[in-house]
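Dropping a prediction and its sequence here:
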Amino acid sequence: MSTELGPEGKQVWPREERGRLAFLGSWFTAFELLLGPALMIGAWFVPADGRWVMFGIGVLVTLVLVSEINGNRVVKTETKAQHDRLERSGVPATAEIVGVREVDLVGGSGVGLRLRVFGVGLVPFEADYLEQRGQRYEVGDRLRVLVDPSDNLFRLLR
């Protein structure tokens, strides 16, 4: 096996898991969308001194939450397109763990893996893989991956 590596790989984020409590996300999103307008309407029932402050906070909350929801939608659309592309043109490969480290992720702690990916007809490459804490990994473990050889986009196969 050659020691020369190809370009760095890029991880595809996992698809969103939808369990029995997934509807709570929809209710929370609806609450978020109504919070700003509720503050703006409620401002007219507050004494004149605080009315404009409360109205301004309602406008600010509305703008921030709408942009956050729109940003999440864009990320989900891009992730779905990447998964679809891997389903169409991905090839199975093997990833060997060459490094493991603890990482801080938005949702809490996680694990960062340094992988060396190789397979039949694939130029070997290295890539970083981030995951929420869940499975225990050790250097030397081998994982199954799906890789798009055109740009080394990959995801773990479970």
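Done, it's in. Since the model is a prediction, treat every value here as computed from it, not as a measurement.

longest strand of the protein?
When the chain is parsed with DSSP state E, its longest strand is strand 91-105.

which residues touch that strand?
Strand 91-105 is contacted by residues 109-122, 126-127, 129-130, 132, 137-149, 154, 156-157 when judged by Cβ atoms under 8 Å, 6 or more residues apart in numbering. C-betas here are computed from N, CA, C, even on glycine.

Out of those, which end up buried?
Buried members of the contacts of strand 91-105, counted by 16 or more other Cβ atoms under 10 Å: 110-119, 122, 126-127, 129, 137, 143, 145-149, 154, 156.

How far off centre is the next helix or strand after the longest strand of the chain?
Where DSSP states H and E defines the elements, the next helix or strand beyond strand 91-105 is strand 108-119. Strand 108-119 sits 15 Å away from the centroid of its parent chain (Cα atoms, centre = their mean, to the nearest Å).

Show me what strand 108-119 is packed against.
The contact analysis (3 or more Cβ pairs under 8 Å, 6 or more residues apart in numbering; DSSP states H and E) places strand 108-119 against strand 91-105, strand 122-132, strand 142-148.

Format these as CSV; extra columns: distance to Met54 and mean pLDDT.
CSV is the format used below for the helices and strands packed on strand 108-119 (distance: least, Cβ to Cβ, whole Å; pLDDT from 0 to 100):
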stretch, distance to Met54, mean pLDDT
strand 91-105, 35, 89
strand 122-132, 38, 87
strand 142-148, 51, 92
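
Quick one, which of those strands gets closest to Ala81.
Closest to Ala81 of those is strand 142-148 (Cβ to Cβ; 11.9 Å).

what residues does the closest one touch?
If you take Cβ under 8 Å, 6+ apart as the criterion, strand 142-148 is touched by 9, 85-86, 89-97, 115, 117, 119, 122, 153-157.

repeat for stretch 110-124
The contact list for stretch 110-124, computed with Cβ under 8 Å, 6+ apart, reads 1-2, 4-6, 9, 91-104, 125-133, 137, 143, 145, 147, 149, 152, 154.

same check, this time on stretch 42-54
So stretch 42-54 is contacted by 39-40, 55, 58 (Cβ under 8 Å, 6+ apart).

Quote the end-to-end distance of that stretch.
End-to-end distance for stretch 42-54, by Cα to Cα, to the nearest Å: 8 Å.

avg pLDDT for it?
Across stretch 42-54, the average pLDDT comes to 84.
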